[in-house]
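Chemist: Following is a predicted model, sequence given first.
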Amino acid sequence: MKNPSKSYEYKYGHKSWFLAVLYFTIFLGIYWRTACTTIFWWDSAEFVAAIATLGIPHPPSFPLYVLLGKAFSFLPAFSLSLKLNLLSGIFSALSLAIFFLLFLKVTRIFLYELAKNEKLLIFTSTLLLLVAGLNYAFWIQGVRAEVYSLNGLLFILLLFCGINYLYGSNFDQISSKIDLVKNKTYQKKLRWLYLFFFVFGLGMGNHNVTLLSVFPAFIYLFSCYDFHNFLKPKKLGVSFIFFILGGSVYLYLPLRAINSPALNWGDPFNLEKTIAAFLALKSVKQIGFALNYTLWERTKDTWVMIYSQLTFLPFLLSLLGTLFLLIKNLKLFIFFLLLIIGNSLTIIVLPSEFISTSSDFQGYILPTILSFSFLFGLGVLFILKKINEWVRDTEFSPGFRKSLVIVFSSFFLSISFLPFLTFYRLADLSKNDLAYRYGKGVLSQAKKNAVLFIDNPNLYFILCALKYGEGYRNDIAILDRGLLKAKWNCQQERSNYPEIFSGINSGLTGEDLFLALMSKGLCQNLPLYLEFSEGDSDLIDFLSPAGFLFKIEKKITTKFQDEILFKQMEFEGQYFTHKEEKAFLNDCDAQRMFVFITYRWGLYYEKRGMIKEALKNYSMAGEQDPFNLELQNRIESLKKRIHS
């Protein structure tokens, strides 16, 4: 197989750069047109709050994303949440523009015989971008505030730097140290290697697990083409220095933690805690639990998820591209195989639960999706080359030849649009404000200077995003009961709400701290609200419904005032109508939250002996989650109680 240095010379022309800019503009327009206009669920909301406060989100803390997001937030116009959603679109569109240039270079260097026809190459590159950029896994990252769009860009940059390092280095012609020093081309290409390690170090400041999963593949690639020089101590030493320079972005954590930001997850003020944040040690401890899941089932589900992103025909063509690569360039084939296997293992092994519909799960596998998209491009290019040769060598009239070219081009173009047609309605978040309305509904029901005790990290993140990112209801204190078990969170909330915590024993955490805060708040006549859970049965007689939450009363309430009950029933009825909205039907997170909320309402009413109200809510939850046996058993049990 040819060394890349001995392949044909290839430099980007004006047309290539023009097309890269054009594709960036087109995909940026698509992502911005379909971007969520406000706060979205889970980590997306947390990042809005973290960037607003220049805080520290959950491990691995994502300092690179926080700093870039903060810089972008200073741009005028638009809300913070919208600006961060638009920033994700920029990351994704830029990834595709570089991916286009990368495909041109790789095929020209390693597979020149396949890429001789420039028109075919450009056309195939366009089809590749449609598959890569408009599948759900990639698209959904470009329309909401998330780290995965940045991670996709970092992965593409690593590929770009790696290929440029390998290209034109004349490895086989360099036989001594003197030659290495004198060879200007080689020294110039070393810059790409050092830039690779710098970008890799920066990437550790984002979603490091994803990039670590593909690192062995790059080591293999470098070793294949620069075995004698790549592993030399001096080169490794310089590479390590550049890696450390990139990774120094983690200095943000201790420097910011000592200033006690409003969101200060883990309080990583020293080296030990910074390393723990980087390694996400609590998540690592869950790996053993994840392996208890049937490994075969998890592997099968992972590959079904990957296949479904590309849809059938593009996936089939990517397999053809894989076979072509196996025959023509074994080293590149092994490289992509290591990329795909290493990256797919991140969701086969690491997560404690497997949710194939989770947009975060989709974000983990972006390197795999991009690799298959690249292979799809090779498969299409191979077929088009054969068709072009057949049309050229057959005695057809010029008009008929042109018609054949148009037919086959249209056929492959339509195949490339299959991911778009399949996932447009799911990835279009432009009219999805469900998370925003959920959070706004919680805060709007609370009285002035209220204290909210939340038992749901999703809601906690949304409320923090509204408070810190949108400046809505700054008078309200928001406390997550689950996080109160952690000392760092107790310290964070003491710093955020000194008046509420004053006089409370500093050694209290968890439920003891919750009870102390509740007692103090009731004595001071503060409006207190609670998100009800099964563990709150002892408080049931002190709780009255107040929208999504329940107000904690000083005295036992054996019976509600008619006005309170009517208002709550009206509120619940309005919420039930959400499930008829198109945005809700396409939003798996919203559907899961609907089940969560209606189940807890039903649980509360059941504890209060209000069987009809409980059955109504359980039934609503059951319609969305028909395979939940525990829930279905509750519904049947309540039906029997009503009829008996």
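Modeler: Done, it's in.

Chemist: how about N164, phi and psi?
Modeler: phi -70, psi -30 (degrees, to the nearest 10).

Chemist: Okay, now the unreliable bits of the protein?
Modeler: For the chain, the stretches with pLDDT under 70 are 1-12, 168-188, 228, 281-293, 351-353.

Chemist: what domains does the record give for it?
Modeler: Following automatic domain parsing, the chain resolves into domains at 10-425, 434-643.

Chemist: quick one, which of the ones you listed is packed in tightest?
Modeler: domain 10-425 (a mean of 19; mean count of other C-beta atoms under 10 Å). C-beta: built from backbone N, CA, C; applies to glycine.

Chemist: what's the spacing between that one and its chain's center?
Modeler: Relative to its parent chain, domain 10-425 has a centroid offset of 13 Å by C-alpha atoms, centre = their mean, to the nearest Å.

Chemist: Against which helices or strands is the helix or strand containing L317 packed?
Modeler: Per DSSP states H and E, L317 falls inside helix 312-328. Taking 3 or more C-beta pairs under 8 Å, 6 or more residues apart in numbering; DSSP states H and E as contact, the helices and strands that helix 312-328 lies on are helix 330-349, helix 366-393, helix 398-416, helix 418-427.

Chemist: can you state the direction angle for the last one and helix 398-416?
Modeler: Computed by axes from the mean of the first three to the mean of the last three C-alpha atoms, to 10 degrees, the angle separating helix 418-427 from helix 398-416 equals 30 degrees.

Chemist: Turn the helices and strands packed on helix 312-328 into TSV, columns for distance to S213.
Modeler: Listed next are the helices and strands packed on helix 312-328 as TSV, based on distance: least, C-beta to C-beta, whole Å:
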stretch	distance to S213
helix 330-349	4
helix 366-393	7
helix 398-416	27
helix 418-427	23
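
Chemist: for those helices, which one sits closest to N208?
Modeler: Among the helices and strands packed on helix 312-328, the nearest to N208 by C-beta to C-beta is helix 330-349 (10.8 Å).

Chemist: Other residues contacting the helix or strand that the closest one is followed by?
Modeler: Using DSSP H and E, the helix or strand that follows helix 330-349 towards the C-terminus is helix 359-364. For helix 359-364, the external contacting residues (C-beta atoms under 8 Å, 6 or more residues apart in numbering) are 42-43, 136-137, 140-141, 144, 146-148, 151, 207, 209-210, 305, 309, 343, 346-347, 351, 354-355, 589.

Chemist: repeat for stretch 83-95
Modeler: Residues from elsewhere that reach stretch 83-95 (C-beta under 8 Å, 6+ apart): 23-25, 27-28, 31-32, 35-37, 40, 47-48, 51, 68-69, 72-73, 75, 78, 133, 138-139, 141-146, 149-150, 152-153, 155-156, 429.

Chemist: What about the residues you listed, which are in helices?
Modeler: 23-25, 27-28, 31-32, 47-48, 51, 68-69, 72-73, 133, 138-139, 149-150, 152-153, 155-156 (DSSP state H).

Chemist: quick one: the strands in the stretch 501-644 of the chain?
Modeler: Secondary structure of the stretch 501-644 of the chain (DSSP state E, counting those that start in this stretch): strands at 528-530, 543-546, 549-552.

Chemist: Out of those strands, the one nearest A614 is which?
Modeler: A614 sits nearest to strand 543-546 of all the strands of the stretch 501-644 of the chain, at 12.4 Å, using C-beta to C-beta.

Chemist: packing partners for the closest one?
Modeler: Using 3+ C-beta pairs under 8 Å, 6+ apart: strand 543-546 touches strand 549-552, helix 562-576, helix 588-607.

Chemist: Select, out of those, the one closest to E118.
Modeler: helix 588-607 (42.8 Å).

Chemist: Measure how the closest one sits relative to helix 418-427, angle-wise.
Modeler: Interaxial angle, helix 588-607 versus helix 418-427 (the same axes, to 10 degrees): 40 degrees.

Chemist: who does helix 588-607 touch, helix- and strand-wise?
Modeler: Checking 3+ C-beta pairs under 8 Å, 6+ apart, helix 588-607 ends up next to helix 434-445, strand 543-546, helix 562-576, helix 582-585, helix 611-624, helix 629-643.
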